[in-house]
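**Q** The sequence and its predicted three-dimensional model are supplied below.
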Amino acid sequence: QVQLKETGPDLVQLTQTLSITCTVSGFSLTTYNVHWVRQPPGKGLEWMGAMWNGGGTDYNSAFKSRLSISRDTSKSQVFLKMNSLQTEDTAKYFCARHSPYYYVMDAWGQGASVTVSS
Amino acid sequence: IQLTQSPSLLSASVGDRVTLSCKGSQNINNYLAWYQQKLGEAPKLLIYNTNSLQTGIPSRFSGSGSGTDYTLTISSLQPEDVATYFCYQYNNGWTFGGGTKLELK
């Protein structure tokens, strides 16, 4: 069945770089897209960016140039990397499968909780 | 496109008909979805393209709307429907509404 799993650090130091891996199964990264969404504690959802099935990317302009998304199709993995972390980046980070047929995120990982510490 | 959900908090009783609203700052052209998020869980897709029910979602959930105004309706509220509901537009970029928290009265 379709599964996504985020793995990454629980704690990141202020101004350092966050790296999270999304490992997927049950579908191909060359057919489906993968999006990243984050959720600060007690708050709403924020769309961060996308890795398209053709290998292209899109980013939320709110993250300017500090966000990067890449992939390794041979390992069925998508990577999120964000630098210059601040305390407001403390959040749960989700990867989600995005359907190229219905244009929505139809399956989600359980999320990776990250705390930015000073 | 900005999405504004109302109300932010809704209290209702089991069996009630519940209506949640989502308003866009521009025309969304029906590219509007609804997600349900229970405490501590990932969001779950309920409705896409305004009124298409995702596979496995109970038929008490329905969506409607057009232009800038969209609605999620639960025809008969069940205890397991307690959650926060987010609308999401994919007509121009990708954005979520701020959410409506649904609780039992």
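**A** Nice, thanks for sending it over. Just so it is clear, the structure is predicted and the values come from calculations on it, not from any experiment.
**Q** So A:Q110 versus B:F86, what's the distance?
**A** 17 Å (C-beta to C-beta, to the nearest Å). All C-beta spots, glycine's among them, are computed from the backbone N, C-alpha and C.
**Q** Over to A:S65?
**A** On the measure of C-beta to C-beta, A:S65 and B:F86 end up 27 Å apart.
**Q** For the two, indicate the residue with more neighbours.
**A** Per other C-beta atoms under 10 Å in any protein chain shown, whichever of A:S65 and B:F86 has more neighbours is B:F86, with 25 against 9.
**Q** dump the residue contacts of the more buried one.
**A** Residues near B:F86 by C-beta atoms under 8 Å, 6 or more residues apart in numbering or on different chains: A:44-45, B:5, B:34-35, B:37, B:43, B:96-99.
**Q** Turn the buried ones among those into a named ChimeraX selection, would you?
**A** Burial among these is assessed by 16 or more other C-beta atoms under 10 Å in any protein chain shown; the matching ChimeraX selection reads:
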select /A:45 /B:5,34,35,37,43,96,97,98,99
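**Q** possible to save the contacts of B:F86 as CSV with pLDDT?
**A** Converted to CSV, these look like this (pLDDT from 0 to 100):
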residue, pLDDT
A:G44, 97
A:L45, 98
B:Q5, 98
B:W34, 98
B:Y35, 98
B:Q37, 98
B:P43, 98
B:F96, 97
B:G97, 98
B:G98, 97
B:G99, 98
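**Q** Looking at the contacts of B:F86, which is nearest B:S21?
**A** Of all these, B:Q5 has the smallest distance to B:S21: 6.6 Å, by C-beta to C-beta.
**Q** Check which helix or strand that closest one maps to.
**A** strand B:3-6 (DSSP states H and E).
**Q** Buried residues, that strand. List them.
**A** B:3, B:5.
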